[in-house]
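K.L.:
Predicted model and sequence follow; I will ask about them next.
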Amino acid sequence: MMNVSGLNKQLKGLAFALMLMPAIASAGLFDDEEARKAILDLRAKITALTAKMEARLDDKADKTSVLELNNQNEQLKAEISALRGQIEVLLNDLANLQKRQQDFYVDLDKRIRALEPKKLTVEGREVTIEQSEQRSFDAAMSLYKAGQYANAASAFTGFTINYPESIFASQAQYWMGNSYYAQRDCKNTIVALEKLLKNYPDNPKEPDAMLNIAACQLELKDKKESRKTLMAVIAKFPTSEAAQAAKNRLPSTK
């Protein structure tokens with residue numbers, strides 16, 4: 001039968017194993033299920049060693065031996081208590097590890113979703129766009145709405161370069177022209193909006209773009225071209241609000 005000294009050595013071996021387990025778990029050498037099995041195994045060994053120790057005491061008849069064994073028993077109980085405390089620490093470490101893993105996967109899922117294309121309806125069309133594309137356009141619009149027209153013009157220009165086939169490309173071209181118009185930069189306004197008319201025919205913003213072109217032409221003292229543009233608005237969009245605005249502006253081009 002195993003003596004107390006042998007039991008003591010086994011318990012110390014278990015204590016050493018427990019101290020190593022958190023480091024091993026954090027290093028990813030075994031998963032959560034394996035860690036639980038290890039803890040259960042250690043508990044079983046502690047129970048078995050305790051039973052062996054008590055059986056050893058029962059077998060001793062000599063009072064001196066019993067007294068000595070009782071002293072060793074108290075020492076072993078203290079070590080068993082320490083081992084149980086280490087098990088609790090290990091369980092806590094395991095729970096914290098699981099929480100960190102869960103947080104990591106939640107964050108990873110959010111990051112993946114942020115990169116996935118999404119579907120939306122633009123100008124009556126259902127399209128799939130990259131989220132980076134959406135963010136780029138929204139950022140440019142935010143600058144425009146904030147009155148940062150110079151920065152907005154640069155942002156819309158960058159968007160049309162980076163996403164020439166985007167569903168937002170025509171809108172970016174229009175708002176680029178409006179960003180210049182808000183700065184009273186008529187030359188760049190005309191260039192940007194004429195590009196809109198050329199590259200995106202039948203665009204919903206076409207009547208408004210033509211009115212802004214006419215306004216800039218008049219600002220640049222080119223009454224002839226301004227009147228020509230206004231007449232084109234009236235002819236192409238006779239029932240629109242833009243046509244009525246064009247009629248109201250015609251006298252200023254004489």
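P.N.:
Sure thing, it's come through.

K.L.:
Tell me the buried residues in the helix or strand where residue 138 lies?
P.N.:
Using DSSP states H and E, residue 138 sits in helix 131-145. Judged by neighbour count using 16 or more other Cβ atoms under 10 Å, the buried positions of helix 131-145 are 133, 134, 136, 137, 140, 141, 143, 144. C-beta: built from backbone N, CA, C; applies to glycine.

K.L.:
Next: stretch 173-186.
P.N.:
Buried-residue list, stretch 173-186, by 16+ other Cβ under 10 Å: 173, 174, 175, 176, 177, 178, 179, 180, 181, 182, 185, 186.

K.L.:
C-alpha coordinates for that stretch, PDB please?
P.N.:
Output in PDB follows, covering the C-alpha atoms of stretch 173-186 (Å, rounded to 0.1, in the frame of the first residue of the first chain):
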ATOM      1  CA  GLN A 173     -20.400  64.400 -60.400                       C
ATOM      2  CA  TYR A 174     -23.400  66.600 -59.700                       C
ATOM      3  CA  TRP A 175     -22.500  67.500 -56.200                       C
ATOM      4  CA  MET A 176     -18.900  68.100 -57.300                       C
ATOM      5  CA  GLY A 177     -20.300  70.800 -59.600                       C
ATOM      6  CA  ASN A 178     -22.500  72.200 -56.800                       C
ATOM      7  CA  SER A 179     -19.500  72.300 -54.500                       C
ATOM      8  CA  TYR A 180     -17.700  74.500 -57.000                       C
ATOM      9  CA  TYR A 181     -20.900  76.600 -57.500                       C
ATOM     10  CA  ALA A 182     -21.200  77.200 -53.700                       C
ATOM     11  CA  GLN A 183     -17.600  78.600 -53.900                       C
ATOM     12  CA  ARG A 184     -18.600  80.800 -56.900                       C
ATOM     13  CA  ASP A 185     -16.000  79.000 -58.900                       C
ATOM     14  CA  CYS A 186     -18.000  79.200 -62.100                       C
END
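
K.L.:
what does it contact?
P.N.:
140-141, 144, 147, 149-150, 152-153, 156-157, 160, 188-189, 192-193, 195-196, 199-200, 203, 205, 208-209, 212, 215-217, 219-220 (Cβ atoms under 8 Å, 6 or more residues apart in numbering).
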